[in-house]
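A.B. asks: Output the structure for:
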Amino acid sequence: MSNVLSKIKNRLFLNPQENHMQDFQLELCHKNNHRFAILPLFNILTQICCYAIYLYVYPAVYPDKNSLNKPIFTAFTIFYIVTNIVFCILFLKTLKRKDEKNYYHNSNLLIMLFLVFYITVESIETIVEVDISGNIYRFLATFFVVAFLPILTRLKKFLLLFAFAFMVELGLYHLIATGLPDNNYYREITAAFFVVCLIVSYITYNGTVRTFTLTQNLIEANEKLQYLTVIDPLTTLYNRRAFNDSIKSTWKECAQNGGTISVMMVDIDHFKSYNDNYGHQIGDDILVAIAKEIKSCFRQSIDMVARYGGEEFIILLPYTELSDSITMAERLRTSIEALEIAHTNNKLLPVVTISIGVAAATPRPDGNYEHLIKQADDALFKAKREGRNRVCSA
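C.D. replies: Residues are numbered from 1 along each chain as shown. As a prediction, this is how the structure comes out:
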């Protein structure tokens, strides 16, 4: 029963995954800031229109209704316009600081201050409009703005809608106490719109969460697919395709800058006999261990280590002279030997060893990197022919 209730709750009250919560909150802040950088401009235009309507149109259309005090309403309008201009500037400044550490906190604070100001002023004008014209249209528009426009959590949206409805209800009770007929259904309309807009805000928030979740899942799926296209699944090194893409761009860069590229071809000695003796599962474990050791011997941010195929590995060393790459290759050879991984079928030593071929070139724009790889491969073949467990250079 508890599992059923939990599933129903999770479907009704959608929330982003915990690992996506921070990204979700930042996205909501950014969208809200964009919206509220524009909304004050519409508020200003609306207030200018209302100023003319309340002071000049309504007194002519509803001569039997109460009229506004012009100086007081003029001061109110000026305050409303100036405050909206200030908020517009603040939202634009906040958008420019989206990379700052306190962006989320500042955005939330500014959004809530603006919305509290907005519903307070709009509730006052709603009561004013009811008093001087008998209609409640401004109230309905404000309710929908609060329900639709800001993307806030359910609790914050509930509190804002409730606060707006409560202030309007208080104003209506005051008008009724001072002579407004109580058979106008304004209070009932207020309660009904509170419920309707609460449902609307719930639906829009769930829709926002669902859209965000689907987008994140799509991004993660694309990242995973991209990862799989360039990574060898066994060793987690780059694969041959990734190496070819990397050496193309590195060759072009070094051709422009006059840098030297070195390439190492690495082969595990007598690996077929190792598999035959110990089994392919143990052979895979050795490939993983060797790959980890090779990776640890090179510069993580500059050099590139890839599995070239089977038991062969290839290392790309940008801006590295041949003499330096030979030294690095020798250090790698001794580090693999020092692992002392048992290999009874190795004719030289009873441990796993490697052979390395090294080649280097200073690229020319009209040159081809494939020749460099062939030189490294030829040097590796030479190392094998001369007895293995050694470094040879082209």
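
A.B. asks: ok, then the element right after the one helix or strand Gly207 maps to?
C.D. replies: Assigning secondary structure by DSSP states H and E places Gly207 in helix 186-230. Going down the chain from helix 186-230, the next helix or strand is helix 240-257, by DSSP H and E.

A.B. asks: hmm, what's the outermost residue in the chain?
C.D. replies: Farthest-out residue of the chain from its mean C-alpha position, per Cα atoms, centre = their mean: Asp64, at 58.8 Å.

A.B. asks: That one in helix, strand or coil?
C.D. replies: For Asp64, the assignment made with DSSP: H, G, I helix; E, B strand; the rest coil gives coil.

A.B. asks: OK, contacts around the nearest residue to Gly387 once chain neighbours are set aside?
C.D. replies: Leaving out its chain neighbours, the residue that sits closest to Gly387 by Cβ to Cβ, 6 or more residues apart in numbering is Leu348, at 6.9 Å. The C-beta positions use only the backbone N, C-alpha and C, and glycine is treated the same way. For Leu348, the contacting residues are 269, 387-389, by Cβ atoms under 8 Å, 6 or more residues apart in numbering.

A.B. asks: ok, which pair from those is furthest apart?
C.D. replies: Greatest spatial distance among these (Cβ to Cβ): Asp269 and Gly387, at 9.6 Å.

A.B. asks: More neighbours: which of these two?
C.D. replies: Neighbours per residue, other Cβ atoms under 10 Å: of Asp269 and Gly387, the larger number sits with Asp269, 25 against 11.

A.B. asks: before we move on, back to that, let me know the closest of the contacts of Leu348 to Glu220.
C.D. replies: Nearest to Glu220 out of these is Asp269 (Cβ to Cβ; 40.7 Å).

A.B. asks: show me the contacts for the closest one.
C.D. replies: Contacts of Asp269 (Cβ under 8 Å, 6+ apart): 346, 348, 352-355, 384, 388-389.

A.B. asks: Tell me how far it lies from Val351.
C.D. replies: The gap separating Asp269 from Val351 is 10 Å, by Cβ to Cβ, to the nearest Å.

A.B. asks: Also Thr213?
C.D. replies: Distance, Thr213 to Val351, by Cβ to Cβ: 51 Å.

A.B. asks: Kindly report the domain assignment for this structure.
C.D. replies: According to automatic domain parsing, the chain is divided into the following domains: 2-224, 240-393.

A.B. asks: Give me the mean pLDDT for the longest one.
C.D. replies: Spelled out, it's domain 2-224. In this model, domain 2-224 has an average pLDDT of 87.

A.B. asks: and if you look at the last one?
C.D. replies: For domain 240-393, mean pLDDT is 92.

A.B. asks: can you give me the end-to-end distance of that domain?
C.D. replies: One end of domain 240-393 sits 22 Å from the other (Cα to Cα, to the nearest Å).

A.B. asks: The helix or strand harbouring Ile44: how far from the chain's middle?
C.D. replies: Using DSSP H and E, Ile44 maps to helix 21-52. Relative to its chain's centre, helix 21-52 lies at 23 Å (Cα atoms, centre = their mean, to the nearest Å).

A.B. asks: Thank you kindly, that will do.
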